[in-house]
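**Student:** Predicted structure and sequence below. I'll ask about it afterward.
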Amino acid sequence: MDAVDTVAELFELGLDTENRARERGMLRFHLSEGLYLYCEVNHHKVPMSGEMVEWGQVMRLKVARIGREQ
């Protein structure tokens, strides 16, 4: 994650990433069978384009939790 400038670049790397639509600004990264890393946008105001997070403007993520799917 340190190797990219914006979160949008993570999507281009082909990581197993899921944008959690019901949790605005939350991403889920698949680590291993049934185990996930949950990260959220770490900006004072989430960059938005209408109803969508503007991932090309997101430069900081915060680890929210590591665990099983909820």
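**Tutor:** The structure has been received and is ready for your questions. Owing to the predicted nature of the structure, the values given are computational and were not obtained by experimental measurement.
**Student:** can you give me the helices in this protein?
**Tutor:** 7-12 (DSSP state H).
**Student:** Make sure K62 is actually in contact with H43.
**Tutor:** No. K62 is beyond contact range of H43, at 9.6 Å (criterion: CB atoms under 8 Å). For the C-beta atoms, the positions are set from N, CA and C on the backbone; glycine is no exception.
**Student:** Between these two, which has more neighbouring residues?
**Tutor:** H43 (14 against 11; other CB atoms under 10 Å).
**Student:** now the closest residue to R68 other than its chain neighbours: how far from V4?
**Tutor:** Closest residue in space to R68, ignoring its immediate chain neighbours: G34 at 5.6 Å, by CB to CB, 6 or more residues apart in numbering. Distance, G34 to V4, by CB to CB, to the nearest Å: 26 Å.
**Student:** ok, these two, which is more surrounded?
**Tutor:** Neighbour tally, G34 and V4, criterion other CB under 10 Å: the higher count belongs to V4, 13 against 9.
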